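**Student:** This is a predicted model, with the sequence first.
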Amino acid sequence: MDNKVSIEEMQALKVLLVDDHAILRAGVKATLSTDHLMKVIAEAGNGKEGLDLAVEYEPDLILLDLQMPVLNGLETLKRIRAKKIKSKVVIFTESDLEIDVVEAFRFGANGYLSKDIEPLDLISCIKSICADASVESPQPKNKPMLSLSSEINVGIIESLSHREIDVVKLLAEGHSNKVISKLLFISPGTVKIHVKNILRKLNLKSRVAVTIWAHNRTIK
């Protein structure tokens, strides 16, 4: 018997917005308010304020920007996890740098969303992450970046060879092709071919997308 509680059976999800742009916070709040299962309970304009509010409210989910004054997103995330706050934390950013993705998951993020995400996808993403669903989202039209949310038609892990899985694990750790080649005792050219095949099999567009895909499935 499946005892998992659906989102529909839960009370409204309590969301904390942490972003230094007030206009963006207002827009996200307006978007989430269109769904009766979402409630923005507090807002913060920097990481320090966000950390204090996270401790005070311990919301279901925290949408956290990376680039902020006083305390940046990654440092805020580290401190949230150090305080054993159980909230889901989703990085909500314009950055598509591979190092940011790797560091975010290393410090305990539950998702990584582009600010280009469509409003309905944002709502779907939050619900899915709070329900512990394994999902991805559409890539922004002009960015080779993946976010955790609805459908992207990715391939299944069984389509990857053992060597390709090794490469995926190392990509998820943020290693370059040169470093991967040394760790696996293969040439950089062979690594490049493996990466190309991985992208094709998973229907993904970038190394960043592979990194998020891997972390979403705890392929570490």
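**Tutor:** Great, that's in hand. Numbering: from 1, shown residues only.
**Student:** What are the buried residues along the longest helix seen in the chain?
**Tutor:** Longest helix of the chain, by residue count under DSSP state H: helix 188-202. By neighbour count on 16 or more other CB atoms under 10 Å, the buried set for helix 188-202 is Thr190, Val191, His194, Val195, Asn197, Ile198, Lys201, Leu202. Just so you know, the C-beta spots here come from the backbone N, C-alpha and C atoms, and that holds for glycine as well.
**Student:** Which pair of those spans the longest distance?
**Tutor:** Spatially, the most separated pair among those is Thr190 and Leu202, at 18.6 Å (CB to CB).
**Student:** Point out where the chain drops to low pLDDT.
**Tutor:** Applying pLDDT under 70 to the chain picks out residues 1-10, 133-157, 216-220.
**Student:** residue boundaries of the strands in it?
**Tutor:** Under the criterion DSSP state E, the chain contains strands at 13-18, 38-44, 61-64, 88-93, 111-114.
**Student:** among those, which is the most enclosed?
**Tutor:** The highest mean neighbour count among the strands of the chain, using mean count of other CB atoms under 10 Å, belongs to strand 61-64: a mean of 28.
**Student:** I'd like to know which elements that one is packed against.
**Tutor:** If you count contacts as 3 or more CB pairs under 8 Å, 6 or more residues apart in numbering; DSSP states H and E, strand 61-64 packs onto strand 13-18, helix 47-57, helix 73-82, strand 88-93, helix 119-130.
**Student:** Asp35: which of the ones you listed is closest?
**Tutor:** helix 119-130 (5.2 Å).
**Student:** Counting by contacts, list what that closest one packs against.
**Tutor:** Packed against helix 119-130 by the contact rule (3+ CB pairs under 8 Å, 6+ apart) you find strand 13-18, helix 22-32, strand 61-64, strand 88-93, strand 111-114.
**Student:** Can you say which of these is nearest to Asp52?
**Tutor:** Closest among the helices and strands packed on helix 119-130, using CB to CB: strand 13-18, at 10.5 Å.
**Student:** can you list contacts of that closest one?
**Tutor:** 7, 25, 28-29, 32, 37-44, 46-47, 49-50, 53-54, 57, 59-65, 68, 73, 76, 87, 126-127, 130 (CB atoms under 8 Å, 6 or more residues apart in numbering).
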